[in-house]
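1. structure, please.
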Amino acid sequence: MTQAPKSQPELFDHSALRLHRNRHQAEALFLHDLARDEVEDRLTMVNRTFTAPAIVTPFAEIWRGALPNSKIVADEEVLDLTPGAHDLVIHAMALHWANDPVGQLIQSRRALAEDGLLLAVTLGGRTLHELRSALAEAETQVCGGLSPRVAPMGEVRDLGGLLQRAGFALPVADVVPLTAQYRDCLHLMRELRAMGEGNVMAQRRRSFSPRALFARTEAIYRQHFELPDGRLPATFELVCLTGWSPSETQQQPLRPGSAKMRLSEALKVPETKLPD
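-> Numbers count the residues shown, from 1 in each chain. Here you go, the predicted model:
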């Protein structure tokens, strides 16, 4: 199993993460419900019947009954998955909190039988970009500097690259953008805590923040993003990753120069010679 290198400082405090998740409120897990819907929709488009699925998730209750014969495991640093035992692994809404995301994907690939499917859903780079920018500007003005408050999220291109690094074949990454609306910043921050998605950055500020910081954040948020009805939008970006464990039976890309017809012949257009 692949683990985060202990010689490097960890980005996230997983002890704090477990505490936050233990305090979650079921009605606030709408992102996890949407992730499940997205996974179920995508599986209907795969011409395959999966008989031994595994689901990696921090909230097992969301996934109970989703797939017959599924094994549900927690998103621990070392996943409780048996190598080669599954034809489908779903990694659901947990990769953005992994100190070693490539390690999580490698473990998922090793758990797959040959030609098995990984379907991962995680939060992407534009998630909470409004809150992130408002907090950064407010903290600079009020506190004279920045501290880690909103976790960094991977961009879709970078997350797709992780699939290749983990050894998956036919990797695909795409984005499902979502926008929620809130009365004010306090409403948004309370909902994030209810989701179990509060700040668990290892280098986060441990002391209480001044009230002036949040008042200034609210003002900046409204200045730049307020909707006509006075509510505040918050972006959540779901990134969906799919990849297959390698198999000789999978479609392979053609070798360069192996085409049997010139592109101009296929398109039935005259070929234009480029200048030297």
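2. the most centrally placed residue in the chain is in what secondary structure piece?
-> What sits nearest the mean C-alpha location of the chain, by Cα atoms, centre = their mean, is Thr122, with 1.6 Å. According to DSSP states H and E, Thr122 maps onto strand 112-123.
3. what helices and strands are in contact with the helix or strand following that strand?
-> Using DSSP H and E, the helix or strand that follows strand 112-123 towards the C-terminus is helix 129-143. Helix 129-143 makes packing contacts with helix 185-195, helix 211-225, strand 232-244 when contacts are defined by 3 or more Cβ pairs under 8 Å, 6 or more residues apart in numbering; DSSP states H and E. Any C-beta I mention is one placed from the backbone N, CA and C, and that applies to glycine too.
4. at 7 Å instead, please
-> Judged by 3 or more Cβ pairs under 7 Å, 6 or more residues apart in numbering; DSSP states H and E, helix 129-143 is in contact with helix 211-225, strand 232-244.
5. between those, which one is nearest to His129?
-> strand 232-244 (5.7 Å; Cβ to Cβ).
6. in the closest one, which residues are buried?
-> 232, 234-244 (16 or more other Cβ atoms under 10 Å).
7. so where's the stretch 51-200 of the chain uncertain?
-> 145-149 (pLDDT under 70).
8. in its sheet, which strands sit next to the strand holding Thr122, and in what direction?
-> strand 86-92 (parallel), strand 232-244 (antiparallel) (DSSP bridges).
9. now do the longest one against helix 129-143: the angle between them, please.
-> What it means is strand 232-244. In terms of direction (axes from the mean of the first three to the mean of the last three Cα atoms, to 10 degrees), strand 232-244 departs from helix 129-143 by 120 degrees.
10. could you give the mean pLDDT of strand 232-244?
-> Averaging pLDDT along strand 232-244 gives 97.
11. what's the neighbour count on the residue lying closest to Leu238 once chain neighbours are set aside?
-> Spatially, and ignoring its direct neighbours in sequence, Leu238 is nearest to Val176 (4.2 Å; Cβ to Cβ, 6 or more residues apart in numbering). By the criterion of other Cβ atoms under 10 Å, Val176 has 15 neighbours.
12. any idea how far Val176 is from Pro228?
-> Note on Val176: its distance to Pro228, by Cβ to Cβ, to the nearest Å, is 25 Å.
13. what distance do you get for the nearest residue to Gly125 once chain neighbours are set aside to Leu118?
-> Distances taken as Cβ to Cβ, 6+ apart put Glu155 closest to Gly125, at 4.1 Å, once the chain neighbours are dropped. Per Cβ to Cβ, Glu155 is found 19 Å from Leu118.
14. who's more crowded, the two?
-> Leu118 (24 against 16).
15. report the contact partners of that one.
-> By Cβ atoms under 7 Å, 6 or more residues apart in numbering, the contact list for Leu118 reads 89, 91, 108-109, 112, 168, 242-243.
16. if we use 6 Å, what do you get?
-> Leu118 makes contact with 89, 108, 243, according to Cβ atoms under 6 Å, 6 or more residues apart in numbering.
17. reformat those as TSV; add distance to Leu188.
-> Conversion of the contacts of Leu118 to TSV gives the following (distance: Cβ to Cβ, whole Å):
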residue	distance to Leu188
Val89	32
Ser108	32
Gly243	33
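18. that older thread, CA-only coordinates of the strand holding Thr122 in PDB, if you can.
-> Extracted in PDB, the C-alpha atoms of strand 112-123 (Å, rounded to 0.1, in the frame of the first residue of the first chain):
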ATOM      1  CA  LEU A 112      -9.100  -3.600  -9.400                       C
ATOM      2  CA  ALA A 113      -9.100  -6.800 -11.400                       C
ATOM      3  CA  GLU A 114      -7.800  -6.500 -14.900                       C
ATOM      4  CA  ASP A 115      -9.900  -4.200 -17.000                       C
ATOM      5  CA  GLY A 116     -11.700  -2.900 -13.900                       C
ATOM      6  CA  LEU A 117     -13.100   0.600 -13.700                       C
ATOM      7  CA  LEU A 118     -12.300   3.500 -11.300                       C
ATOM      8  CA  LEU A 119     -14.800   6.300 -10.900                       C
ATOM      9  CA  ALA A 120     -13.700   9.000  -8.600                       C
ATOM     10  CA  VAL A 121     -15.600  12.200  -7.700                       C
ATOM     11  CA  THR A 122     -13.800  15.000  -5.900                       C
ATOM     12  CA  LEU A 123     -14.000  18.800  -5.400                       C
END
